[in-house]
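[1] show me how the following folds:
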Amino acid sequence: MRVSRRTLMGSGLAVAAAPALAQTQSGATERWGVHELVLHGPSDGNPFVDVEVAAIFRQGDRSIRVPGFYDGDGFYRIRFSPPETGPWQWTTHSNAAALNGKTGGFDCIAPAPGNHGPVRVSSDGFHFTHADGTPFRQIGTTCYSWALQSDAKCAQTLDTLRSAPFNKLRMLVFPNVPSVATNPFVRTGDGPRDWDPTRFDPAYFRRYEDRIARLGQLGIQADVILFHPYDEARGYNDMQRADDERYIRYVAARWGAYRNLWWSMANEWDLVKSKSVADWDHLFGVLVDADPHDRLRSIHQIRRYYDHRKPWITHASVQNGPAVMDDIRAAQHREFALKPVVFDEVVYEGDSDQRWANLTGQQMVERFWWGLIGGTYVGHSETFAPDRNPDFSWLGQGGVLKGTSARRLAFLRKIMEEGPAPGIDPIEHWWDYHIGGVPHAYYLKYFGSAQPTTWRVTLPGRDKDPKHSFRIDIIDTWNMTVTPVPGVFRMQQLNQYDVHDPARPEIALPGKPWIALRIVKV
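    Take a look at the predicted model:
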């Protein structure tokens, strides 16, 4: 038996072979890092099917069972992300004698700077926060098969992300566009479906997890999509139930300990004709049982919404462009889901002749702002590519950004991070105020494509509500400027429902589109 300890995620872009990872390393594991056990066991037969291995990690009265996985060449790995500091003890359990009954321990130390822990749903039920309480304000993007491209292309994508505003990235496990890595399973012949679903190719998954780890080093959440409907030729998304279960358990054991990992069960689940709603429900049950780290879970649709109120869904992942063309429709999604809502696909910025890939930069940024005012979150991608083919764009393969929205989304993210925690909630949206924030303390009002020259300074407020004074900033969301309105607005009751400042009933606006107001209690 060999045991190694790793405190975090990844090194060089070229992925090391399994034996190189089996060298013993000294030192403790930080909280929410990755503590890895590496054991040597049987390699004959089919270890992916024949061998079961797990470890029980204990601290005081708490015990956590963590499944392991086979990584080829007789090496088995068990990855654990300790949720608390202090000493932990572990014992292995396996049906293989060489892997059973091994014991050990390690010390979990305080997290390093920048390690805020995994993202969870906030206590209010509609936003996200890291395990240490740091708010997570989602500004996401989609690069479906970036992790499956060449090392050079992957390095280019990571370099782009270093200066981009995105803190979550959606990515497929199985290829959907031309890619370098295409064979997650051992090949048995030359045909597209000549592969063995009971034998994973560890190199494929080792390469993919290196990309997850590299996103983590940049502070980016990896929203990993397990199934999709776009590759009928190979059939990876149309396996038998037992094969689907084995696959989910394998990736949960391999990747679940990475603190920056989210699970997306499927992209456009309702186009995967080989699976019913009952099948998806069952697979979610398998995932929940296989993931002791309890990472965030969602599923994404094209036409038919999944029931996001089901208990295994942590947040709603929605494809709907018109829903974020105003704040009211966005807020309604939140009220029906009763959970955080991320509009992961709202049509993409691009120059394609496809109707789902031709937003202007202004239209993309506008949808982010309307989603924010509605108390939800929005996702980006772009499809500028040779011959207007989205397969070769940022959406399909990553690389470089060519659109105009990313800089403005960085500006938006700054506005969000300067705002209230854990996030923005809709305020009186049924009555067309188009305001989000925290009542009596912080408001954002957005005008979208309208070009008003004045605004009547009126906020929702009833007779019993406290009266406050406010300062107002005019925000040009496209030109990325913040202009304070001089003075303070001292609010008094206007009518049964609203408050205003009778001495300053309105302010002048620039008469341009994409203007917002930030109204903050003094």
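
[2] what about the strands in the stretch 301-450 of the chain?
    For the stretch 301-450 of the chain, the strands defined by DSSP state E, counting those that start in this stretch occupy 316-319, 341-345, 377-380, 425-427, 435-438, 442-446.

[3] contacts for the shortest one, please.
    When contacts are defined by Cβ atoms under 8 Å, 6 or more residues apart in numbering, strand 425-427 is touched by residues 126, 327, 330-331, 334, 373-375, 433, 435-439, 443, 460. (Glycine included, C-beta is placed from N, CA and C.)

[4] looking at the residues you listed, which is nearest R504?
    The shortest approach to R504 among those belongs to Y443, at 16.0 Å (Cβ to Cβ).

[5] gap between that closest one and G436?
    7 Å (Cβ to Cβ, to the nearest Å).

[6] then R295?
    Taking Cβ to Cβ, one finds R295 at 28 Å from G436.

[7] what about these two, which has more around it?
    Set R295 next to G436 and count neighbours by other Cβ atoms under 10 Å: G436 wins out with 29 against 25.

[8] show me what contacts that one?
    327, 372-375, 424-427, 429, 443-444.

[9] any chance of JSON lines for those, columns pLDDT, neighbour count and distance to A222?
    Output for the contacts of G436, formatted as JSON lines (pLDDT from 0 to 100; neighbours: other Cβ atoms under 10 Å; distance: Cβ to Cβ, whole Å):
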{"residue": "D327", "pLDDT": "98", "neighbour count": "29", "distance to A222": "29"}
{"residue": "L372", "pLDDT": "98", "neighbour count": "28", "distance to A222": "23"}
{"residue": "I373", "pLDDT": "98", "neighbour count": "30", "distance to A222": "28"}
{"residue": "G374", "pLDDT": "98", "neighbour count": "30", "distance to A222": "26"}
{"residue": "G375", "pLDDT": "98", "neighbour count": "24", "distance to A222": "25"}
{"residue": "I424", "pLDDT": "98", "neighbour count": "27", "distance to A222": "25"}
{"residue": "D425", "pLDDT": "98", "neighbour count": "19", "distance to A222": "27"}
{"residue": "P426", "pLDDT": "98", "neighbour count": "24", "distance to A222": "29"}
{"residue": "I427", "pLDDT": "97", "neighbour count": "24", "distance to A222": "33"}
{"residue": "H429", "pLDDT": "92", "neighbour count": "23", "distance to A222": "32"}
{"residue": "Y443", "pLDDT": "98", "neighbour count": "23", "distance to A222": "34"}
{"residue": "L444", "pLDDT": "98", "neighbour count": "25", "distance to A222": "29"}
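
[10] of all the residues you listed, which two lie farthest apart?
    G374 and Y443 (13.8 Å).

[11] give me the three-state assignment for V224.
    Counting by DSSP: H, G, I helix; E, B strand; the rest coil, the backbone at V224 sits in strand.

[12] wait, it touches K168, no?
    No: here V224 does not reach K168: they are 11.1 Å apart, not a contact under Cβ atoms under 8 Å.

[13] low-confidence ranges in the chain?
    For the chain, the stretches flagged by pLDDT under 70 are 1-26.

[14] residue boundaries of the helices in the stretch 401-522 of the chain?
    405-417 (DSSP state H, counting those that start in this stretch).

[15] what's the neighbour count on E506?
    Residues lying near E506 (other Cβ under 10 Å) number 12.

[16] quick check: the gap between it and N389.
    When distance is defined by Cβ to Cβ, E506 is 50 Å away from N389.

[17] can you pull out the helices in the protein?
    Using DSSP state H, the helices found in the chain span residues 47-50, 151-162, 202-217, 241-255, 277-290, 327-337, 361-373, 394-397, 405-417.

[18] which of the ones you listed is buried the deepest?
    The highest mean neighbour count among the helices of the chain, using mean count of other Cβ atoms under 10 Å, belongs to helix 394-397: a mean of 26.

[19] would you mind measuring from the spatially closest residue to P197 that is not a sequence neighbour to W280?
    Counting by Cβ to Cβ, 6 or more residues apart in numbering, P197 lies nearest to D243, which is 3.9 Å off, once chain neighbours are set aside. Distance of D243 to W280, given as Cβ to Cβ: 15 Å.

[20] do D307 as well
    10 Å.

[21] got it, and T383?
    28 Å.

[22] kindly report the same for D291.
    16 Å.

[23] just give me the neighbour total for A54.
    A54, neighbours per other Cβ under 10 Å, totals 17.

[24] scratch that, A96
    That count, for A96 with other Cβ under 10 Å as the rule, works out to 16.

[25] my read: it touches G41, true?
    Yes: counting by Cβ under 8 Å, A96 does reach G41; the two are 5.1 Å apart.

[26] overlap in contacts, the two.
    Overlap of the contact sets of A96 and G41 (by Cβ under 8 Å, 6+ apart) consists of 51, 53.

[27] against L37, how distant is the spatially closest residue to Q354 that is not a sequence neighbour?
    Spatial nearest neighbour of Q354, excluding adjacent residues (Cβ to Cβ, 6+ apart): P390 at 6.7 Å. Remark: distance between P390 and L37 (Cβ to Cβ) = 42 Å.

[28] the more surrounded of the two?
    Set P390 next to L37 and count neighbours by other Cβ under 10 Å: L37 wins out with 26 against 22.

[29] residues contacting that one?
    L37 makes contact with 3-4, 55, 68, 77-80, 90, 92, 102, 104, according to Cβ under 8 Å, 6+ apart.

[30] for it, list each beta-bridge partner.
    Applying DSSP bridges to L37 yields these beta-bridge partners: I78.
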